[in-house]
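Asker: Any chance you can model this:
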Amino acid sequence: MAEPAWPVTVNDADARKVAFGAFVGTALEWYDFFLFGTAASLVFNHLFFASDDPVVATAGAFASFAVGFAARPLGAILFGHLGDRIGRRTCLIITVALIGVVTGVIGLLPTYFSIGVAAPVLLTLLRLLQGVAVGGEWGGAVTLAVEHAPKEHRGRYAAMPQIGSPIGTLLSSGAFLAVSLLPPESFDSWGWRLPFLAAFPLLGIALWIRRRVEESPLFEQLLREDELARSPVTEVFRRAFPQLLVGAGSTLLGVGGFYLATTFVISYGTEYLGIDSSVLLTGTLVAAGVEIVVLLVGGRLAEWYGPGRVTVAGGLVSALVAFPAFWLIDTASTTLVILGVTLAVACLSLPYAVSGALLTDLFPARLRYSGVALSANIASVISGFVPLVATALLAVSGGSSWTPALLLVVIALITAGSGTLAPRISLGHDEVVTG
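Answerer: Have a look, this model is predicted:
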């Protein structure tokens, strides 16, 4: 089926409004999702997956963490189909509502010591719902932001939803850092619940902003000209399978590498190196602040050099700093630990900054929501198991950090290779002009 006649007129004023709406909703989504990762390292391992063996307890908590990633392709399929059929905006309102409610309910769950095995089962089921919602969120947010943007400025607006990630990290890590100052008995009893319960009022703000965002002009033209894909997910697999794989590889470092440098490192530092959790949470906060700057710069670099080249550069630099970053963390020195986490996150944030621009270029408008969501969430399935794999490698190596560092190198090189291929196989050919 032919694409509609382009161009579609857009302007920077509308693009800024939509990008801000995408950013706010994505920040809440990532706040909720990252909150679970931090809690898996500090709370769920002993309150929901109680065991005499701390490795077993930690593995159980990380397994529940991974379940959320395993559910994300389901969300990509469901909301990708709906986003390419009924609209991007409607789906984004549903996803932000679902994840906000689920996260708040987690804060109300009784622990293993109150209801036994039902506690980890309920926690895992809620994590599944959270994963479904997030699976449909990011693809829609970045698609909506890009399709409202003038083509020459797509890089900067595609980076706006990405900034939701470090903001979510700052909010979730900051919330846990604050409640971690409570006495241990208060923290375990009720303190850890407060960051989850905060999702309820934050959801109200996100919904108010999201409802004011207009639908994509490209989608509206597809709708007017009856050019919507009948089965967009099926068409992506049939017509754009290479693009799907390359897109997944290009996003692997920004997601999987991030969880290796944050979620895994928090567990590694506390369990193996005896570092206080507040030091590691502070490192995550500093890294998130630096990441915001990298994302803003990366969006502009995508406009100047192309997202493919920026992805390659970010992947290669991340591979080079992987071992030095872990060496810094191994010192257990507060300053050097924070520097190591920040260095790793800053480098892997470069390809993450341009992943929205790269993925939306890979797919045509009629398949874009599905293609972008599926690509990102195929990578996320793998990424969700990265902390678990790193923990297993650490155990096999007797606690030596060279194994997780090598894992980071492999992930970085996969992303660099995908960045090389992406511009050569792009199917995106819609045009927008500045109004």
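
Asker: Tell me where the model's unsure across the stretch 1-150 of the chain.
Answerer: Counting by pLDDT under 70, the stretch 1-150 of the chain shows low-confidence ranges at 1-12, 50-58.

Asker: Sticking with E235, tell me its helix or strand.
Answerer: When elements are defined using DSSP states H and E, E235 is found to belong to helix 232-239.

Asker: Which strands or helices does that helix pack on?
Answerer: On a contact count with 3 or more Cβ pairs under 8 Å, 6 or more residues apart in numbering; DSSP states H and E, helix 232-239 meets helix 54-85, helix 368-384. All C-beta atoms are positioned from the backbone trio N, CA, C, and that covers glycine.

Asker: Pick the most deeply packed of those helices.
Answerer: Per residue and on average, the most neighbours among the helices and strands packed on helix 232-239 fall to helix 368-384, with a mean of 28 (mean count of other Cβ atoms under 10 Å).

Asker: roughly how far is it from the heart of the chain?
Answerer: For helix 368-384, the gap between its own C-alpha mean and the chain's C-alpha mean amounts to 10 Å (Cα atoms, centre = their mean, to the nearest Å).

Asker: Same question for stretch 25-38.
Answerer: Shown here is stretch 25-38, whose average C-alpha point lies 8 Å from the average C-alpha point of the whole chain (Cα atoms, centre = their mean).

Asker: which residues in the stretch 201-350 of the chain form strands?
Answerer: Counting by DSSP state E, counting those that start in this stretch, the stretch 201-350 of the chain has no strands to list.

Asker: just to revisit the earlier point, kindly reformat the helices and strands packed on helix 232-239 as TSV containing distance to G298.
Answerer: Supplementary listing: those in TSV, determined by distance: least, Cβ to Cβ, whole Å:
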stretch	distance to G298
helix 54-85	23
helix 368-384	17
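
Asker: Relative to W208, which of those is closest?
Answerer: Proximity to W208 (Cβ to Cβ) singles out helix 54-85 among the helices and strands packed on helix 232-239, at 20.9 Å.

Asker: got the buried residues for the helix or strand just after that closest one?
Answerer: Next helix or strand after helix 54-85 toward the C-terminus (DSSP H and E): helix 88-106. Applying a neighbour-count criterion of 16 or more other Cβ atoms under 10 Å, the buried positions in helix 88-106 are 88-89, 91-106.

Asker: quick one: A357 from F363, how far?
Answerer: Between A357 and F363 the distance is 12 Å, computed by Cβ to Cβ, to the nearest Å.

Asker: go on, L328?
Answerer: 39 Å.

Asker: Same drill for those two, tell me which one is more crowded.
Answerer: Per other Cβ atoms under 10 Å, whichever of L328 and F363 has more neighbours is F363, with 28 against 21.

Asker: need the contact list for that one.
Answerer: For F363, the contact set (Cβ atoms under 8 Å, 6 or more residues apart in numbering) comprises 236, 240, 243, 247, 370-372, 427-428.

Asker: do G25 as well
Answerer: Going by Cβ under 8 Å, 6+ apart, G25 touches 92, 95-96, 137, 141, 164, 206, 209-210.

Asker: that older thread, please state the offset of the helix holding E235 from the chain centre?
Answerer: 23 Å.

Asker: Not counting sequence-adjacent ones, nearest residue to the residue nearest the centre of the chain?
Answerer: With distances taken as Cα atoms, centre = their mean, the residue of the chain nearest its centroid is V255 (5.6 Å). Using Cβ to Cβ, 6 or more residues apart in numbering and skipping the chain neighbours, the partner closest in space to V255 is S383 (4.1 Å).

Asker: repeat for F20
Answerer: Excluding the flanking residues, the one nearest F20 by Cβ to Cβ, 6+ apart is M160, at 7.0 Å.

Asker: Next, work out how far apart the one you found and F33 are.
Answerer: Between M160 and F33 the distance is 18 Å, computed by Cβ to Cβ.

Asker: ditto for V389
Answerer: V389 sits 19 Å away from F33 when distances are taken as Cβ to Cβ.

Asker: okay, the two: which has more neighbours?
Answerer: Remark: of V389 and F33, F33 carries more neighbours, 25 against 18, as counted by other Cβ under 10 Å.

Asker: What residues sit buried inside the helix or strand hosting that one?
Answerer: F33 is part of helix 12-42, with elements assigned from DSSP H and E. Neighbour counts over helix 12-42 (16+ other Cβ under 10 Å) mark 12, 14-16, 18-42 as buried.

Asker: ok, how many other residues are close to R230?
Answerer: Other residues within reach of R230 by the criterion other Cβ under 10 Å amount to 10.

Asker: Just the pLDDT for it.
Answerer: pLDDT recorded at R230 is 87.

Asker: and stretch 147-164, how far from the chain's centre?
Answerer: That offset, for stretch 147-164, works out to 16 Å (Cα atoms, centre = their mean).
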